[in-house]
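S.K.: whatever this is, show me its structure:
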Amino acid sequence: MPVRATAQVLVEVINGARHELLAMTYAARPYPALTRALTEAAGRGVRTHVVVETLTGAGGLLSGKEPAEAFASVPGLRLWSWARDPAQQGRRRQHAKLAVADRRTLFLGSANLTESAAQRNIEAGVLVTGGEAPRRVAEHIVELQRLGILRPFHP
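M.R.: Sure thing, here's the model as predicted:
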(Lines give C-alpha, C1' and ligand atoms only; values in the text may rest on other atoms or scores of the structure.)
Protein backbone atom coordinates (compact mmCIF):
# COMPACT_ATOMS: atom_id res chain seq x y z
CA MET A 1 0.00 0.00 0.00
CA PRO A 2 1.77 3.20 -1.14
CA VAL A 3 1.87 6.13 1.24
CA ARG A 4 1.72 9.64 -0.22
CA ALA A 5 1.04 13.10 1.11
CA THR A 6 -2.62 14.09 1.28
CA ALA A 7 -1.96 17.16 -0.88
CA GLN A 8 -0.35 15.04 -3.58
CA VAL A 9 -3.31 12.66 -3.78
CA LEU A 10 -5.91 15.43 -3.68
CA VAL A 11 -4.23 17.40 -6.47
CA GLU A 12 -3.89 14.16 -8.47
CA VAL A 13 -7.64 13.52 -8.17
CA ILE A 14 -8.43 17.09 -9.24
CA ASN A 15 -5.95 16.92 -12.14
CA GLY A 16 -7.56 13.68 -13.29
CA ALA A 17 -11.04 15.20 -13.54
CA ARG A 18 -12.24 15.80 -17.09
CA HIS A 19 -15.99 16.45 -16.67
CA GLU A 20 -17.09 16.63 -13.04
CA LEU A 21 -15.50 17.17 -9.64
CA LEU A 22 -17.46 16.99 -6.41
CA ALA A 23 -15.84 17.72 -3.07
CA MET A 24 -16.89 18.14 0.55
CA THR A 25 -14.98 19.67 3.45
CA TYR A 26 -15.57 20.96 6.93
CA ALA A 27 -12.86 23.60 7.10
CA ALA A 28 -11.22 25.32 4.15
CA ARG A 29 -8.51 27.93 3.93
CA PRO A 30 -6.74 29.35 0.87
CA TYR A 31 -4.10 26.87 -0.25
CA PRO A 32 -2.21 27.77 -3.46
CA ALA A 33 -1.63 24.22 -4.76
CA LEU A 34 -5.32 23.38 -4.38
CA THR A 35 -6.48 26.70 -5.85
CA ARG A 36 -4.16 26.20 -8.84
CA ALA A 37 -5.42 22.65 -9.47
CA LEU A 38 -9.06 23.76 -9.22
CA THR A 39 -8.46 26.73 -11.53
CA GLU A 40 -6.79 24.45 -14.09
CA ALA A 41 -9.75 22.06 -13.84
CA ALA A 42 -12.10 24.98 -14.56
CA GLY A 43 -9.95 25.79 -17.59
CA ARG A 44 -10.49 22.23 -18.85
CA GLY A 45 -14.24 22.71 -18.50
CA VAL A 46 -14.64 20.56 -15.39
CA ARG A 47 -17.94 21.25 -13.56
CA THR A 48 -16.79 21.71 -9.97
CA HIS A 49 -19.04 21.67 -6.91
CA VAL A 50 -17.68 22.02 -3.37
CA VAL A 51 -19.79 21.55 -0.25
CA VAL A 52 -18.49 23.54 2.74
CA GLU A 53 -19.50 24.01 6.33
CA THR A 54 -20.49 27.55 7.28
CA LEU A 55 -19.38 29.53 10.30
CA THR A 56 -23.00 29.55 11.50
CA GLY A 57 -23.38 25.82 10.90
CA ALA A 58 -20.18 25.10 12.82
CA GLY A 59 -21.72 26.72 15.89
CA GLY A 60 -18.58 28.58 16.93
CA LEU A 61 -16.16 25.70 16.30
CA LEU A 62 -14.74 27.41 13.19
CA SER A 63 -13.38 30.94 13.30
CA GLY A 64 -12.06 33.48 10.86
CA LYS A 65 -13.45 33.83 7.36
CA GLU A 66 -16.19 31.66 5.89
CA PRO A 67 -14.66 28.39 4.58
CA ALA A 68 -16.27 29.17 1.21
CA GLU A 69 -13.94 32.15 0.77
CA ALA A 70 -11.04 29.75 0.16
CA PHE A 71 -12.56 29.09 -3.28
CA ALA A 72 -13.51 32.67 -4.23
CA SER A 73 -10.82 32.97 -6.91
CA VAL A 74 -11.72 29.72 -8.72
CA PRO A 75 -13.77 30.54 -11.83
CA GLY A 76 -17.09 28.75 -12.20
CA LEU A 77 -16.80 26.75 -8.98
CA ARG A 78 -20.21 26.20 -7.39
CA LEU A 79 -20.34 26.30 -3.60
CA TRP A 80 -22.94 24.46 -1.54
CA SER A 81 -23.78 24.18 2.15
CA TRP A 82 -26.07 22.06 4.25
CA ALA A 83 -29.46 23.73 4.70
CA ARG A 84 -30.27 22.83 8.30
CA ASP A 85 -33.15 23.78 10.50
CA PRO A 86 -31.88 26.89 12.38
CA ALA A 87 -32.80 25.25 15.69
CA GLN A 88 -30.34 22.44 14.90
CA GLN A 89 -27.48 24.63 13.57
CA GLY A 90 -25.19 24.27 16.58
CA ARG A 91 -25.63 20.53 17.00
CA ARG A 92 -24.94 19.13 13.53
CA ARG A 93 -21.88 19.47 11.33
CA GLN A 94 -21.15 18.93 7.65
CA HIS A 95 -17.99 17.02 8.45
CA ALA A 96 -17.44 14.91 5.32
CA LYS A 97 -14.06 15.23 3.62
CA LEU A 98 -13.90 13.80 0.12
CA ALA A 99 -13.33 14.44 -3.57
CA VAL A 100 -14.86 12.52 -6.49
CA ALA A 101 -13.62 12.96 -10.05
CA ASP A 102 -15.84 11.89 -12.96
CA ARG A 103 -17.63 9.37 -10.73
CA ARG A 104 -14.65 7.03 -11.17
CA THR A 105 -12.06 8.24 -8.62
CA LEU A 106 -12.83 8.85 -4.96
CA PHE A 107 -10.53 10.22 -2.30
CA LEU A 108 -12.08 9.83 1.13
CA GLY A 109 -10.19 10.87 4.22
CA SER A 110 -9.75 12.87 7.36
CA ALA A 111 -8.19 15.97 5.76
CA ASN A 112 -9.98 19.29 5.42
CA LEU A 113 -9.19 21.40 2.36
CA THR A 114 -6.52 23.41 4.12
CA GLU A 115 -2.75 23.67 3.81
CA SER A 116 -2.38 22.39 7.37
CA ALA A 117 -4.28 19.21 6.57
CA ALA A 118 -2.54 18.70 3.25
CA GLN A 119 1.03 19.49 4.27
CA ARG A 120 1.56 19.44 8.04
CA ASN A 121 -0.96 17.22 9.81
CA ILE A 122 -0.99 13.46 10.04
CA GLU A 123 -4.09 12.55 8.06
CA ALA A 124 -5.44 9.32 6.65
CA GLY A 125 -7.25 8.71 3.41
CA VAL A 126 -8.27 6.06 0.95
CA LEU A 127 -8.09 6.42 -2.83
CA VAL A 128 -10.64 4.32 -4.73
CA THR A 129 -10.36 4.04 -8.50
CA GLY A 130 -13.25 2.49 -10.39
CA GLY A 131 -16.04 0.34 -9.04
CA GLU A 132 -19.25 1.34 -7.32
CA ALA A 133 -18.00 3.60 -4.52
CA PRO A 134 -17.02 6.70 -6.56
CA ARG A 135 -20.24 6.57 -8.57
CA ARG A 136 -22.46 6.06 -5.54
CA VAL A 137 -20.82 8.85 -3.52
CA ALA A 138 -21.25 11.27 -6.45
CA GLU A 139 -24.87 10.22 -6.92
CA HIS A 140 -25.52 10.75 -3.21
CA ILE A 141 -24.14 14.31 -3.31
CA VAL A 142 -26.16 15.13 -6.44
CA GLU A 143 -29.31 13.73 -4.81
CA LEU A 144 -28.74 15.85 -1.68
CA GLN A 145 -28.49 18.88 -3.98
CA ARG A 146 -31.63 17.89 -5.89
CA LEU A 147 -33.61 17.46 -2.67
CA GLY A 148 -32.50 20.85 -1.36
CA ILE A 149 -30.66 19.34 1.60
CA LEU A 150 -27.56 20.91 0.10
CA ARG A 151 -28.23 24.41 -1.20
CA PRO A 152 -26.12 26.89 -3.14
CA PHE A 153 -23.98 28.84 -0.69
CA HIS A 154 -24.79 32.55 -0.45
CA PRO A 155 -22.70 34.68 1.91
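
S.K.: now do the strands in the protein.
M.R.: 20-25, 47-52, 78-82, 98-101, 105-109, 125-129, 150-152 (DSSP state E).

S.K.: distance to Leu61 added to these, as JSON lines?
M.R.: For glycine as for every other residue, the C-beta is placed from the backbone atoms N, C-alpha and C. Shown next, in JSON lines, are the strands of the chain (distance: least, Cβ to Cβ, whole Å):
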{"stretch": "strand 20-25", "distance to Leu61": "14"}
{"stretch": "strand 47-52", "distance to Leu61": "14"}
{"stretch": "strand 78-82", "distance to Leu61": "14"}
{"stretch": "strand 98-101", "distance to Leu61": "20"}
{"stretch": "strand 105-109", "distance to Leu61": "20"}
{"stretch": "strand 125-129", "distance to Leu61": "22"}
{"stretch": "strand 150-152", "distance to Leu61": "20"}
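
S.K.: of these, which approaches Thr35 most closely?
M.R.: strand 47-52 (11.7 Å; Cβ to Cβ).

S.K.: just to revisit the earlier point, deepest of the strands of the chain, which one?
M.R.: Mean neighbour count (mean count of other Cβ atoms under 10 Å) peaks for strand 98-101 among these, with a mean of 26.

S.K.: which residues sit against that strand?
M.R.: Outside strand 98-101, the residues within contact range by Cβ atoms under 8 Å, 6 or more residues apart in numbering are 10, 13-14, 16-18, 20-24, 106-109, 134, 137-138, 141.

S.K.: quick one: strands adjacent to it?
M.R.: strand 20-25 (antiparallel), strand 105-109 (antiparallel) (DSSP bridges).

S.K.: for the helix or strand just after the shortest one, packing partners?
M.R.: Past strand 105-109, heading to the C-terminal end, the next element that is a helix or strand (DSSP states H and E) is helix 115. Packed against helix 115, as judged by 3 or more Cβ pairs under 8 Å, 6 or more residues apart in numbering; DSSP states H and E, are no other helices or strands.

S.K.: state the mean pLDDT of helix 115.
M.R.: In this model, helix 115 has an average pLDDT of 85.
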